[in-house]
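1. would you be able to build a 3D model of this:
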Amino acid sequence: MMFPFFAPSLEMATAGAVVFGMLSATHAWLAWRNKTLVMVMSVYAGLAMTTGMLIRCVLATDNSRAPDLTFDAMSILLTGPTSVLAFMLIMTYTRLTWWITPPEQRTSAVLWLPPAFQTVAIATPQCIADSIVFFGSGILFIKPAPRYVALTGAVMEAVTWVWFGGMVARFVYISRNKWPIMEAKTQKRAQQLGMAVCASCVLLVVCAIVRIFEKVDTSIQQDLQVFDPSVTNKRLSLLSTAEWPVYVFEYLPIAAIMGIMGFYHPGFYLPRRLTGFRLRAKGLIQEDEEKRQSQEVDSAT
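-> Purely as a prediction, here's the structure:
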């Protein structure tokens, strides 16, 4: 996030760099220890936030000579991780549904989206929204920023994440109340992972709402075409006139998501066949069919 009167705090930027550096190292170790390639995205998100905070530390000392490219790089590094973490949560949810949903229940009537199509169906609108936000933010070569385009993309992101969060919450509910065939231990572990994803989705929505207010402020600045804080501050929200709300309502939720998904790491719960970066739906279906046939043979004997 960058404004013409940008004046970051060195203390908060340093604390942010330390926190996200520690979270990145923790997620890297967990991904290696549990052989969970799907969680590599959280490592990237943490490293991006750490790098963005380090740039913020440099700008806190003297930003009068910093080129626009420096501000653009920081903006990308500090806003991109939210979408990366969202994609990681989508992939985790997809693996959770493959894990505990009975084969006969993997239909659109039960899950709204069958597991084989979940990642593509949810991630596609998010990617479209991210592209619109990037195009409308005036970053790098796209200047001047198209008016209200970034705000449209931010609203699309919020709608996508609310839809995804509702889908996760519904799945957690029906898996607890309608599928009592699972072992008690498996059901408890699945509920823990599902609740972790659900809580992370709530934090994603908080970030999305904050981003909408930021884009509204950007649109107001474009309308005013004035870069004097004494003039613009009267029309802008607290997110644009003070730095601490950005840390509390945007950066802190990102850190909380990484903390939650580190404590409830998918590698602690998911079977090894579901921890890869890419799932092979046909192979998973075939494994379930072979397991079902084996159970029928055992019951017959």
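2. now tell me which helix or strand of this protein has the poorest mean pLDDT.
-> helix 229-232 (a mean of 53; mean pLDDT, DSSP states H and E).
3. so which residues of the chain form helices?
-> Assigned helices in the chain, in chain order: 10-33, 40-61, 68-100, 108-111, 115-136, 149-177, 184-224, 229-232, 238-241, 244-246, 252-263, 281-300 (criterion: DSSP state H).
4. so residue 200 versus residue 266, what's the distance?
-> Using CB to CB, to the nearest Å, residue 200 is found at 12 Å from residue 266. Where C-beta positions appear, they are placed from N, C-alpha and C, glycine not excepted.
5. quick one: residues contacting residue 202.
-> Counting by CB atoms under 8 Å, 6 or more residues apart in numbering, residue 202 touches residue 165.
6. separation between it and residue 78?
-> Distance of residue 202 to residue 78, computed by CB to CB: 21 Å.
7. can you check residue 195 too?
-> Residue 195 sits 28 Å away from residue 78, going by CB to CB.
8. and what of residue 171?
-> Using CB to CB, one gets 31 Å for the distance from residue 171 to residue 78.
9. could you do residue 254 as well?
-> 9 Å.
10. what touches both of the two?
-> Counting by CB under 8 Å, 6+ apart, the residues touching both residue 254 and residue 78 are residue 49.
11. who's in contact with the residue lying closest to residue 205 once chain neighbours are set aside?
-> With sequence-adjacent residues excluded and distances taken as CB to CB, 6 or more residues apart in numbering, residue 205 is closest to residue 161, at 5.3 Å. Residue 161 is in contact with 86, 126, 201, 204-205, 208, counting by CB under 8 Å, 6+ apart.
12. burial measure for residue 268, as a count.
-> By the criterion of other CB atoms under 10 Å, residue 268 has 14 neighbours.
13. which phi and psi does the residue lying closest to it once chain neighbours are set aside have?
-> Distances taken as CB to CB, 6+ apart put residue 34 closest to residue 268, at 6.9 Å, once the chain neighbours are dropped. The phi/psi pair for residue 34 (degrees, to the nearest 10) reads phi -100, psi 0.
14. right, and residue 133 touches residue 150 too?
-> Yes - the criterion here is CB atoms under 8 Å, and residue 133 meets it with residue 150 at 5.2 Å.
15. please identify every residue contacting each of the two.
-> Common contacts of residue 133 and residue 150 (CB under 8 Å, 6+ apart): residue 215.
16. which stretches of the stretch 151-300 of the chain have low pLDDT?
-> Scanning the stretch 151-300 of the chain for pLDDT under 70 picks out 178-182, 219-240, 281-300.
17. again, only this time at 50
-> Of all residues in the stretch 151-300 of the chain, none has pLDDT under 50.
18. the residue nearest to residue 267 when sequence neighbours are not counted: neighbouring residues, count only.
-> Among residues not flanking residue 267 along the chain, residue 34 sits closest, at 2.5 Å (CB to CB, 6+ apart). Residue 34: 17 surrounding residues under other CB under 10 Å.
19. separation between the residue nearest to residue 205 and residue 89?
-> Note on residue 161: its distance to residue 89, by CB to CB, is 9 Å.
20. which residues are common contacts for the two?
-> Overlap of the contact sets of residue 161 and residue 89 (by CB under 8 Å, 6+ apart) consists of 201, 204.
21. the more surrounded of residue 195 and residue 78?
-> Using other CB under 10 Å as the criterion, residue 195 and residue 78 rank with residue 78 on top: 23 against 16.
22. mind checking pLDDT for the nearest residue to that one once chain neighbours are set aside?
-> Once flanking residues are discounted, residue 78 sits nearest to residue 52: 4.0 Å by CB to CB, 6+ apart. Residue 52 carries a pLDDT value of 90.
23. please give me every residue in contact with residue 52.
-> The contact partners of residue 52, taken as CB under 8 Å, 6+ apart, are 74, 77-78.
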